[in-house]
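Participant: Could you look at this predicted model? Sequence included:
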Amino acid sequence: MAIDDSEDALLDGLVRSAFQIMGVLTRIGAEHDLSLTQLRVLGILRDRRPRMSDLATFLGLDKSTLSGLVDRAVRRGLMTRAPNHDDKRAVDVLITDAGRELTERLYGEVRAALAPATGRLDEQQRRLLAELLEPVLTPPLPLTQRPASPR
C-alpha cells in the first residue's frame, strides 16, 4: 500500500506537535516535581474515577509501577484510593481537592506556554483543528506491541 504525501505531512505534523507539547508538559511537570506520566494521571482523574487496573492498562504500565506512582501522589495529597462501587475487590483512584487545584493551575500554565502557537490560529481555525483531531484521538490507540516491520 502506497503512502501519499498528505499522509506523510499529517504524520509529520502530528509527531512535531507531540514533541513540542511533550516538551512543554515535561518542563512544567518538572517545575512541580511531577513526571509526564504523573501529569497524564492527574489529567485523566479530572473527570474520571478509574480502577487501578484500568488506569494501568490505559497508561501501558504494570500494576506495581502504577501503584508506586499513585503511592507518591497519595503522600503528596494529590490522589486517594477508594473501593470500587460495583466491585469491592477493585480499587479506584480519585483526585483530591489539592490534586484538582494543582491540575487547574498546571492547565493554566500549559495554556500560557502553548499560547504563542495556538495564538497563530483564529477562533474558527482553533475550533476546526479541534474537530479534525477528535476522530484521530478518539478512541485512544491501543497500547500494543508494534508489528514486525516487513523485510
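Facilitator: The structure has been received and is ready for your questions.
Participant: Let's check: the centremost residue of the protein is which one?
Facilitator: Central residue of the chain (CA atoms, centre = their mean): Arg40, 3.7 Å from the mean position.
Participant: My read is that it contacts Phe58, right?
Facilitator: No - using CB atoms under 8 Å as the test, Arg40 is too far from Phe58 to be in contact (9.0 Å). The C-beta positions use only the backbone N, C-alpha and C, and glycine is treated the same way.
Participant: which residues do these two both contact?
Facilitator: Shared contacts of Arg40 and Phe58 (CB atoms under 8 Å, 6 or more residues apart in numbering): none.
Participant: For Arg48, which three-state class applies?
Facilitator: coil (DSSP: H, G, I helix; E, B strand; the rest coil).
Participant: For it, give its distance to Leu39.
Facilitator: 15 Å (CB to CB, to the nearest Å).
Participant: which other helices and strands contact the longest helix seen in the chain?
Facilitator: For the chain, the longest helix by residue count, based on DSSP state H, is helix 5-31. If contacts are counted by 3 or more CB pairs under 8 Å, 6 or more residues apart in numbering; DSSP states H and E, helix 5-31 sits against helix 36-45, helix 97-118.
Participant: Just say which of the ones you listed is most tucked in.
Facilitator: Comparing the helices and strands packed on helix 5-31 by mean neighbour count (mean count of other CB atoms under 10 Å), helix 36-45 comes out on top with a mean of 18.
Participant: Residues contacting it, please?
Facilitator: Residues contacting helix 36-45 (CB under 8 Å, 6+ apart): 22, 25-26, 28-29, 34, 50, 55, 58-59, 61, 69-70, 72-73, 78-79, 93-95, 99, 102-103, 106.
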